[in-house]
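Engineer: give me a model of this one.
(chains A, B, C and D)
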Protein chains: 4
Amino acid sequence: MEKIRVSIIGATGYSGKELIRILLKHPQVELTHLVSTSYVGQNIAAVFPEFKNQLDKELISLDLEVIANDSELIFTALPHTVSLDVVPDLLARKRGKVIDLSADFRLKSADNYANWYRKEHTEKSRILLSEAVYGLPELYKKEIKNASLVANPGCYPTSVILGIAPLLAYHLVEAKDIIIDSKSGTSGAGRKLSLDLHFTECQGNFKAYKCLKHNHIPEMEQELSFLYNQYNRNNISDSNRGMLSGKLSGAYEEIKISFTPHLLPLSRGILSTCYLNLVDNYEQDKIVELYHQFYQEAPFIRIFNPPELPEVRFVYQTNYCDIGFAIDGRVGKIKIISVLDNLTKGAAGQAVQNMNIMFNFPEELGLLN
Amino acid sequence: MEKIRVSIIGATGYSGKELIRILLKHPQVELTHLVSTSYVGQNIAAVFPEFKNQLDKELISLDLEVIANDSELIFTALPHTVSLDVVPDLLARKRGKVIDLSADFRLKSADNYANWYRKEHTEKSRILLSEAVYGLPELYKKEIKNASLVANPGCYPTSVILGIAPLLAYHLVEAKDIIIDSKSGTSGAGRKLSLDLHFTECQGNFKAYKCLKHNHIPEMEQELSFLYNQYNRNNISDSNRGMLSGKLSGAYEEIKISFTPHLLPLSRGILSTCYLNLVDNYEQDKIVELYHQFYQEAPFIRIFNPPELPEVRFVYQTNYCDIGFAIDGRVGKIKIISVLDNLTKGAAGQAVQNMNIMFNFPEELGLLN
Amino acid sequence: MEKIRVSIIGATGYSGKELIRILLKHPQVELTHLVSTSYVGQNIAAVFPEFKNQLDKELISLDLEVIANDSELIFTALPHTVSLDVVPDLLARKRGKVIDLSADFRLKSADNYANWYRKEHTEKSRILLSEAVYGLPELYKKEIKNASLVANPGCYPTSVILGIAPLLAYHLVEAKDIIIDSKSGTSGAGRKLSLDLHFTECQGNFKAYKCLKHNHIPEMEQELSFLYNQYNRNNISDSNRGMLSGKLSGAYEEIKISFTPHLLPLSRGILSTCYLNLVDNYEQDKIVELYHQFYQEAPFIRIFNPPELPEVRFVYQTNYCDIGFAIDGRVGKIKIISVLDNLTKGAAGQAVQNMNIMFNFPEELGLLN
Amino acid sequence: MEKIRVSIIGATGYSGKELIRILLKHPQVELTHLVSTSYVGQNIAAVFPEFKNQLDKELISLDLEVIANDSELIFTALPHTVSLDVVPDLLARKRGKVIDLSADFRLKSADNYANWYRKEHTEKSRILLSEAVYGLPELYKKEIKNASLVANPGCYPTSVILGIAPLLAYHLVEAKDIIIDSKSGTSGAGRKLSLDLHFTECQGNFKAYKCLKHNHIPEMEQELSFLYNQYNRNNISDSNRGMLSGKLSGAYEEIKISFTPHLLPLSRGILSTCYLNLVDNYEQDKIVELYHQFYQEAPFIRIFNPPELPEVRFVYQTNYCDIGFAIDGRVGKIKIISVLDNLTKGAAGQAVQNMNIMFNFPEELGLLN
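Structural biologist: Numbers count the residues shown, from 1 in each chain, chains lettered A, B, ... in the order given. Sure, this is the predicted structure:
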């Protein structure tokens, strides 16, 4: 099979770097153009000596025509609100497909986007909102297959949505009082300098931040609401269906979560601790079984049997999302621990997983290292 | 004023070491005996070279008679379930007072203790349970003043109870659905070796642990229940009393919490993120004001005005407990961020604060470094 | 091509774990037996959840007959002085080849070994000393190809020997006054618990250790002496040969080094700073060119052009040894900075590189991730 | 005794912050003015929440007249080459004394300064060079006592000079082939943002930097040359004098060192490993004894008896310089391990020690915490 030509716009941020790291080992990919604004004219191996002797390619500035012409697939790894100005022009050329790693095409509602990101979608980009597929393969594999534009999910949302999707899809929990306490390594904040991310300030430190208005919230609520209200539950086995009967209907409920992100003194990794109210006295085994059913075609979900729990180091530089459980019978709650590497499953790895699906490669190709 | 003679039983654990670090600078203390089991006969400065040139004292084995005779105050910094066998014999000699840093005298109910710590109180030690004062000066200063035995609180409980005490005491929140997501540095787990605490396993890692049965839970629930049901609210100003009227009575409610501890890749520090349901649409300023009232005589509580939030590094090696707020109006919840150094305010520093109160020294003496 | 069957004795130490990590992706290897003493009967994915969903194999106890019968290659990743009792019996069965990751077969002189490792070679193991090939492919590729027993080098020695080999082989430096200041992450010390490696003691710390008698010294001196006195310099180009003429002969000189290892607060990586006296006013470019010549067939050596310098993070989980230069003309010295990952190029990766050579696979197979 | 009024110019850098931390506990100091350029008008406790409830003071902009009028002592904690423009005008007002933490008044030779720092001294500042005292109390206590301007030493130089001063002063070592391999935490690089100090780039990393031209070199060579050639050796006891006879004279020798700094992934601490050639087969005990003699009036020097070695964590936030020894008889070298906290003994703590000497306070006042 011939390799596909792939370009990266925003190759010198952490997501861009991780895309290169992964794609270098991908047997079906030829890295075509690497676009940067800050490092034009430099060799990628000079910017990231990790790639010395492995990749010898000069960074170029953005020329949409060149990129579109030469690429069957383009990853746009740009800051939020910048993709919005680039992606429509790329797709208008009707050549390569696009996987966008920013938040700009994740929200179905342009108003919601404007509200959280303080920027209005243009007429052109607004049209794309409805066509863009939210790139969470565990939920939307079929849609991703045929998409021209995949909106790759955020790192926190990936950990949270995957962690609790079965609970909401199967109505095992109440739609309210959902608490998400997430902790992330520093690479999630990007390569841009700030005193908050200065080594001397971070080392030995831990803190909460953006306690009320983190802009990953609308994306999580959009998808969790979908799961609770519209998810097709056909893959529940008949035996388990009985157990859930009577719980799967009900009026539409807008899901709202209380989300608190924290900054860990490590570079990669997210752990989300999710607290939800169980609607019944489920046995632990039953819940674990339902997770297995829900994720039976999801090669990157690893379910931990209680009392085993996932840890950040287990997923370092992998595309796995590891999920653990604890049922707190004393207070009628379930705790889900969901862990991933924010740069891999939380960004570049998931993007490559989407690419594999879009180009009919095996879903795990190049991602099992 | 003459110095008091102070001994430490368990001087070579992390709490013992922190006691020494603090007491070395305390103008009213003479360090008399340092007791160890593993390092008998060695000089403390050989075990902890930090103390080289500052303290020249040999570690001795435990001789209750000698210790009791020579000490006006004894800190017992022993593992849980060991203090229980030592403290009654010390106090029976009716000489020095005791501040116990273990959990053995914190729970008022011997059954509760047996249930969580898998050891029965003896007849002798059981008597002490009712006499022992829970050593949280912000709640029990008066009782501590006259105590012979102070049960110094655990590190997690100190951060949690201080963080949410005003909310419960003033009935600003519901008594249920209390979620406590705590993160601690590794020194809280002590100096005993385990693979979990092996550097190569911890560095760059983060994980939840003991998700269901951490033995600090009963201590927190005991004190939170007390605050909700029996706290004397006389220090509420009249203007604020109006705001709370109608919310301060009600049937007795046993407080239960959902508590999840996590292990941070740093040595010192605890940050607890606490989620509670507000019973009303309180303004943020009002709540901050009530915290100031509640803690008006608490020199080690620092209240952060929103949107400022405390961070672990701000309290490194200090006796402060820093408290921050975020009211999540979207879901009717309040989040409290409570931060302290687990070895100082969470153990040895608080023990010295208790000592100061018991011996009529200024509460902050030797603790403002 | 058919896969070879490979077993690991000592699969649950850090080198064993790293072997598994690498071999899982190696297209020519079938992992046959994993031998452990502490974890017999457990699944490897229970011991190391990193391998969950990737490897499903039970750890077995050591049965030489079974291992030898079923394996074309056996990695022995055992503590120093333990391999010595296992390897001769394995090889006596005349089936699989052995790559030993301990120090037990690295030293040509049994007396030297006894002197540094405080254990005598047996009659059987003594015979193997002369047959064993020191597994540094950059120096001994030809010998490794035909070896039955490869003694895989130590982590410090790999960084040091590769870093300064050309200087000694080409007599660019004096044979004396060689200072090696090495810094290593903690995984080099293994998985065995010790207070020195307790997270709370290591985090935020840095120290020198074993300042005088680190047992990697004899191995380095053996190989550096060989390079200085017996190395075949045929690969020097004629133009450069002129430059060196008159410097390549001389009486035999035993190389002695002053070596100081230090412990870094990170898990993986070694950086060695090497100081040597230049015998002439060489231009920097000339020296860099000679390094390129020396390593022209070494795919895992990356030479950094001054003033670029290698850093520990560039080699994380790779099999590269990165080398940088600084000529300190003020004092007539050259500084070499040599960097590698102690578990990969310093242990398991190098072992797999040796395997590739022994089994006629491409040298880089499975190692370019 | 009345307190002295002390001001800090450059209060919001790391040295300024450390000065505040120390001076807050100093019984003889009243913090008068805190000068900043970036944070004028803000409260110091808003910039550094560590000081919340401890110090309530607004940062002001630089007004030399006000500062000079109101201060008996001024610490200038400004970047290199900036102090040079400020200090002469301060001292011209002939009021307070100045302790300058920059490099601008450390070098006796203005040419040497211009050569390394790329800036010329002015006429006014040039005059001060000869008056300024190099603020290393262990060498210049008498001169510091009467100085108007103390040039506080750099962090690396303090660790190196104190570490090897006795060897050079007593001619125990050769004047050549001195290798200094230093490792520092990140706070030494200051609070200014740079990609090198971005947390994600530093964590888990280690590297050498400025291998050839670190601007602390001239300061070290100036002081080491002084020690070797001009040091008054009167404090050698008669018995030891015999041992050294014949070694204490000789022609003047300019000391040159080979210095390599490295960046550690921790915030505070320097460890310098120093390699020197012994001129004789000294017994270890003799050398340790000479160190004790040399430092008999130096309360902040702690000498470790071999084989005990200092570690970075032992000096965290203290003013100690800890020194350890290893005599490598195999190669005729002595290794000195010298450890300090770069912000305390390497900057602010040493500055306060100098202040104590200048104002006739006990040398350790406020520094033994």
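Engineer: going forward, measure contacts and count neighbours with C-alpha atoms only.
Structural biologist: OK.
Engineer: grab the nearest non-local neighbour of the residue of the stretch 1-150 of chain A found nearest chain C.
Structural biologist: Residue nearest to chain C within the stretch 1-150 of chain A: A:Glu50 (4.5 Å; Cα to the nearest Cα). The spatial neighbour of A:Glu50 that comes closest, neighbours along the chain excluded (Cα to Cα, 6 or more residues apart in numbering or on different chains), is C:Phe314 at 4.5 Å.
Engineer: I'd guessed A:Asn342 sits against A:Leu266; true?
Structural biologist: No - look at A:Asn342 against A:Leu266 with Cα atoms under 8 Å: they stay out of range, at 11.6 Å.
Engineer: looking at these two, which one has more neighbours?
Structural biologist: A:Asn342 (33 against 29; other Cα atoms under 10 Å in any protein chain shown).
Engineer: okay, now the closest residue to A:Cys202 other than its chain neighbours: neighbour count?
Structural biologist: Excluding the flanking residues, the one nearest A:Cys202 by Cα to Cα, 6+ apart is A:Pro265, at 6.0 Å. For A:Pro265, the neighbour count with other Cα under 10 Å is 29.
Engineer: list the contacts of A:Pro265.
Structural biologist: A:185-186, A:202-206, B:204, B:265-266 (Cα atoms under 8 Å, 6 or more residues apart in numbering or on different chains).
Engineer: if I look at it, how far off is A:Asn354?
Structural biologist: A:Pro265 sits 30 Å away from A:Asn354, going by Cα to Cα, to the nearest Å.
Engineer: that older thread, count the neighbours of the residue of the stretch 1-150 of chain A closest to chain C for me.
Structural biologist: Residues near A:Glu50, counting by other Cα under 10 Å: 21.
Engineer: is it located within a helix, as I assumed?
Structural biologist: Yes - according to DSSP: H, G, I helix; E, B strand; the rest coil, A:Glu50 belongs to a helix.
Engineer: where does it land on pLDDT?
Structural biologist: Per-residue confidence (pLDDT) for A:Glu50: 97.
Engineer: doesn't C:Gln317 make contact with it?
Structural biologist: No - judged on Cα under 8 Å, A:Glu50 makes no contact with C:Gln317 at a distance of 10.8 Å.
Engineer: what about the residue nearest to A:Glu50, is that helix, strand or coil?
Structural biologist: C:Phe314 is classified as helix under three-state DSSP.
Engineer: from A:Phe51, how far out is it?
Structural biologist: With Cα to Cα as the criterion, C:Phe314 and A:Phe51 are 8 Å apart.
Engineer: outside of stretch A:100-120, which residues touch it?
Structural biologist: In contact with stretch A:100-120 (Cα under 8 Å, 6+ apart) are residues A:75-81, A:83-84, A:87, A:121, A:126, A:128-130, A:132-134, A:149-154, A:215, A:218-219, A:222, A:347-348, A:351.
Engineer: now list the buried members of these.
Structural biologist: Buried subset of these (neighbour count, 16 or more other Cα atoms under 10 Å in any protein chain shown): A:75-78, A:81, A:83-84, A:87, A:121, A:126, A:128-129, A:132-134, A:149-154, A:218-219, A:222, A:347-348, A:351.
Engineer: can you tell me which of those end up in strands?
Structural biologist: The strands, defined by DSSP state E, take in A:75-76, A:133-134, A:149-151 from these.
Engineer: could you export the contacts of A:Pro265 as JSON lines, including secondary structure and pLDDT?
Structural biologist: Listed next are the contacts of A:Pro265 as JSON lines, based on DSSP: H, G, I helix; E, B strand; the rest coil; pLDDT from 0 to 100:
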{"residue": "A:Gly185", "secondary structure": "coil", "pLDDT": "98"}
{"residue": "A:Thr186", "secondary structure": "helix", "pLDDT": "97"}
{"residue": "A:Cys202", "secondary structure": "helix", "pLDDT": "96"}
{"residue": "A:Gln203", "secondary structure": "coil", "pLDDT": "96"}
{"residue": "A:Gly204", "secondary structure": "coil", "pLDDT": "95"}
{"residue": "A:Asn205", "secondary structure": "coil", "pLDDT": "98"}
{"residue": "A:Phe206", "secondary structure": "coil", "pLDDT": "98"}
{"residue": "B:Gly204", "secondary structure": "coil", "pLDDT": "95"}
{"residue": "B:Pro265", "secondary structure": "coil", "pLDDT": "97"}
{"residue": "B:Leu266", "secondary structure": "coil", "pLDDT": "97"}
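Engineer: going through these, which ones are buried?
Structural biologist: A:185-186, A:202-206, B:204, B:265-266.
Engineer: please report how far the residue nearest to A:Met358 when sequence neighbours are not counted lies from A:Leu136.
Structural biologist: Leaving aside its chain neighbours, A:Met358 sits nearest to A:Lys145 (4.4 Å; criterion: Cα to Cα, 6+ apart). Going from A:Lys145 to A:Leu136 by Cα to Cα gives 12 Å.
Engineer: higher neighbour count, these two?
Structural biologist: A count of neighbours by other Cα under 10 Å puts A:Leu136 above the other of A:Lys145 and A:Leu136, at 25 against 18.
Engineer: phi and psi next, for that one.
Structural biologist: phi -110, psi 100 (degrees, to the nearest 10).
Engineer: what of A:Ile99?
Structural biologist: According to degrees, to the nearest 10, A:Ile99 has phi -110, psi 120.
Engineer: that one against A:Asn152, yeah?
Structural biologist: Yes - proximity of A:Ile99 to A:Asn152 meets the contact threshold set by Cα under 8 Å, at 6.5 Å.
Engineer: helix/strand/coil for the closest residue to chain B within the stretch 1-150 of chain A?
Structural biologist: In the stretch 1-150 of chain A, the residue that lies nearest chain B is A:Trp116 (14.1 Å; Cα to the nearest Cα). Of the three states, A:Trp116 takes helix according to three-state DSSP.
Engineer: ditto for A:Ser182
Structural biologist: Assignment for A:Ser182 (three-state DSSP): strand.
Engineer: any residue of stretch A:35-42 touching chain C?
Structural biologist: No - judged by Cα under 8 Å from any Cα of the partner chain, stretch A:35-42 stays clear of chain C, getting no closer than 14.4 Å.
Engineer: list the buried residues in stretch A:310-329.
Structural biologist: Buried residues in stretch A:310-329 (16+ other Cα under 10 Å): A:310-328.
Engineer: spell out which parts of the stretch 251-369 of chain A neighbour chain B.
Structural biologist: Close to chain B, as judged by Cα under 8 Å from any Cα, the stretch 251-369 of chain A has residues A:256-258, A:264-268, A:271, A:275, A:309-313, A:326-328, A:330-331, A:333, A:337.
Engineer: in strands only, show me the residues you listed.
Structural biologist: Filtering those for strands - DSSP E - leaves A:257-258, A:271, A:275, A:326-328, A:333, A:337.
Engineer: check contacts around the residue of the stretch 151-300 of chain A found nearest chain C.
Structural biologist: Proximity to chain C, evaluated over the stretch 151-300 of chain A using Cα to the nearest Cα, is greatest for A:Gly204 at 8.0 Å. Residues near A:Gly204 by Cα under 8 Å, 6+ apart: A:265, B:265-268, B:312-313.
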